[in-house]
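1. Sequence and predicted structure are below.
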Amino acid sequence: MADLQLKSCDFEPDANAEILFDKAEVHYELNSDVQIIENRHKRLKIFNEAGKSYANVRIEYFHTQHFEEVLDLKAQTINLTNGKTEITKLDKKSIYVEQIDKFRSAIVFAFPNVQPGSVVEYQYKWKTLSLSNFPTWYFQDLIPVRYSQLTTSIPDNLDFKRQSRNRQPYVINTTVKKNETLEGTNTFTFNVITETKALEKVHSLPNEPYMSSLYDNLKSISFTLSGISELGSKYEIGTWKKIVKYLSANNNFGAQLNKKLPDEQLIIAKANQQKNQDERIAYLFNHIKTAMKSNALDYWDTNDGVVKAWEKKTGNATEINMMLFHLLKQVNIPAYPMLVSTRKHGKVNPYNPVLNQFNRTVVYIPVDSSKCYVLDASNKFNLYNEIPDNTLNSFGFYYDTDKEDHDLVFIQNEQPVRQACFVNAEIKPDGKMVGTAQLSSFGYNKINRTTKYKTDGENKFIEYLKGKDNSLTITSVKFENTDTDTLPLVQNVNFSLDLTNSDDKYLYFKVNALTSLEENPFVKENRFTDIDYGYRDNYTISGMYKIPAGYKPESLPQNASLTMPDGSMSFKRIVSLSDDNIIIRFTIDHLKTIYFKEDYPEFREFNKKMYEMLNEPIALKKS
């Protein structure tokens, strides 16, 4: 009753919903097969209309050969109606089983009769036939969690590595050792270690600008089986060498790497006509990128298989990149399959040799100690000569298919990615600015803007360039080099700008229109996650603004420079007056890609000052 009458979360009053409790008990059972069983019970409170989205549930699992199963699902909605509890149980006919691909399915349902004030809860049993597929537990969520508890019971002959991502003190942290005989047998008796860990009043994790994967930041505990001890000996489970052997023998991975494609000889012959290795790589990359369409399914192995995907001209990212790998090998390019984790999926721990850390296979070509290619042809807008930005700042695992050799490589791009903006404009006495701008986008900036333009269309791209400035009108945009990988994307813009707040004595204008730097994303006082830009950038903004006859600058912004205390970011502003033109130049340079949340106060103060300078208006006074 108290939860039904609850109006808000007591430790996060603005929350739209709250997890009242989330409890799981995970243990091993031995019947005909060893199984891991998780019994889960979760209850939530819906505070308002915006919180109703948390009453939609999706549980994904691997359905192949009953590798994982979700059983005994029950759910109900509890409302307070005329002072009494009203329970509406979930009709099993409302439960939808979605087949994601040939391996994965999802149970999807929405709670019935949900309204602001509802309490909803569900429980189920999850089981897996894998000895090592122990589930990760997340104490934290996108909404506040009042109480979260995990109880695990693990035989002590199973050697698990535990990785905890939590600095909040546990309210329960107990360990009990008990001598037990596993269910279904009287032969094997073990010491079973039962651990219970619980947190209360766990704040939500907000979606912050430039944060890495949600899963890299949630308070959690994960388990990796590294060995099995029995009769005084230990059998190693998780090693990268064993993963190589598994991948090589896997029908959905190793067996797919050398599948011949129909009519591939025509493609190979054309590739061999290219002048050098770099051009052969570019040709094959762009051919596969153009010929194939991604179905947006992400996993480290194939779904339909390479040949079938080629015939359908549609496949998952791994299938598309395996085609590229095979063709590169046919023209004697030293290429390797590389398993990676995309930014959204989370960062790879090199000391944790398990495959579920990865969700995509790409192609790796080492050139020398300072240069390599990481190729992902599943994205229509990727460039062959740019490492995909959604794989940066994490490890990739590659292996030599001929020698079964392997290694882990930290994927990074240390070269700054340039963005340049040059404005040539004239200030009119009637309170308008008219002019042209040339925006040059290199590398990832080119990829991002080309994607936005070709996906959303010209009208939405113009709105993107305008930002939130309703006084800005873009009359035309013309593009250069959209299909040339080695040249920047040039956007030639014609625009006019209403100079708001101007009057019959003063004209006021800002010089950061069309830069996408009008609004500071780091205004909140506190930061919960590290700032991960993914890659270094270098932004140059230059402008020449003609002053109208009869006006002169009342004052010009001063030349200025800012530097972070550790020297990791710099900003410069240079302003000059030449005849009847104001000339201004900004430069912004990031010297590293990740800024730790512990350094956020200095980072926030730097950005506050920088954006104030970027937005500082220039006043022209009528003579």
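-> Alright, I've got the coordinates.
2. C-alpha only now, for contacts and for neighbours.
-> Noted.
3. May I see the domains of the chain written out as residue ranges?
-> Using automatic domain parsing, the domain parsing of the chain gives 2-234, 241-411, 417-622.
4. Need the winner for burial among those domains.
-> Between the domains of the chain, domain 241-411 has the highest mean count of neighbours, a mean of 19, where neighbours are mean count of other CA atoms under 10 Å.
5. Quote the end-to-end distance of it.
-> In domain 241-411, first residue to last residue: 20 Å (CA to CA, to the nearest Å).
6. I'd like the mean pLDDT over it, please.
-> When pLDDT is averaged over domain 241-411, the result is 93.
7. How about the contacts made by Ser94?
-> With contact set as CA atoms under 8 Å, 6 or more residues apart in numbering, Ser94 has these partners: 109-110.
8. Show me what the helix or strand hosting Ser148 is packed against.
-> Secondary structure from DSSP states H and E places Ser148 in strand 145-155. If contacts are counted by 3 or more CA pairs under 8 Å, 6 or more residues apart in numbering; DSSP states H and E, strand 145-155 sits against strand 17-30, strand 189-202.
9. Quick one: closest of these to Trp240.
-> Distance to Trp240, taken as CA to CA, is lowest for strand 17-30 among those, at 25.5 Å.
10. what's next to the next helix or strand after the strand holding Ser148, contact-wise?
-> Tracing the chain past strand 145-155, the next element assigned as helix or strand by DSSP H and E is strand 158-165. For strand 158-165, the surrounding residues in contact (CA under 8 Å, 6+ apart) are 217-229.
11. if we go to 10 Å?
-> Residues outside strand 158-165 that contact it (CA atoms under 10 Å, 6 or more residues apart in numbering): 131-132, 134, 136-139, 154, 192, 216-230, 234-237, 352.
12. my read: Val119 touches Asn48, true?
-> No - counting by CA atoms under 10 Å, Val119 sits too far from Asn48 to count as a contact (11.6 Å).
13. shared neighbours of the two, anything?
-> Ala17.
14. could you list every residue that touches Pro337?
-> Pro337 touches 253-254, 257, 318, 321-322, 324-326, 361-365, 374-375, 396-401, counting by CA under 10 Å, 6+ apart.
15. got it, and Leu4?
-> By CA under 10 Å, 6+ apart, the neighbours of Leu4 are 45-47, 78-80, 83-85, 117-119.
16. Distance to Tyr453 for those - can I get that in TSV?
-> TSV is the format used below for the contacts of Leu4 (distance: CA to CA, whole Å):
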residue	distance to Tyr453
Lys45	41
Ile46	39
Phe47	39
Ile78	47
Asn79	47
Leu80	50
Gly83	55
Lys84	55
Thr85	53
Gly117	43
Ser118	43
Val119	44
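17. among these, which are in strands?
-> 45-46, 78-80, 84-85, 119 (DSSP state E).
18. Please identify which of those is nearest to Ser516.
-> Ile46 (36.7 Å).
19. Contact partners for that closest one?
-> Contacts of Ile46 (CA under 10 Å, 6+ apart): 4, 6-8, 15-19, 52-55, 114-120.
20. now Lys52, what's its secondary structure?
-> helix (DSSP: H, G, I helix; E, B strand; the rest coil).
21. right, and it touches Asn16 too?
-> Yes - assessed by CA under 10 Å, Lys52 is found in contact with Asn16 at 8.2 Å.
22. No further queries at this time; thank you.
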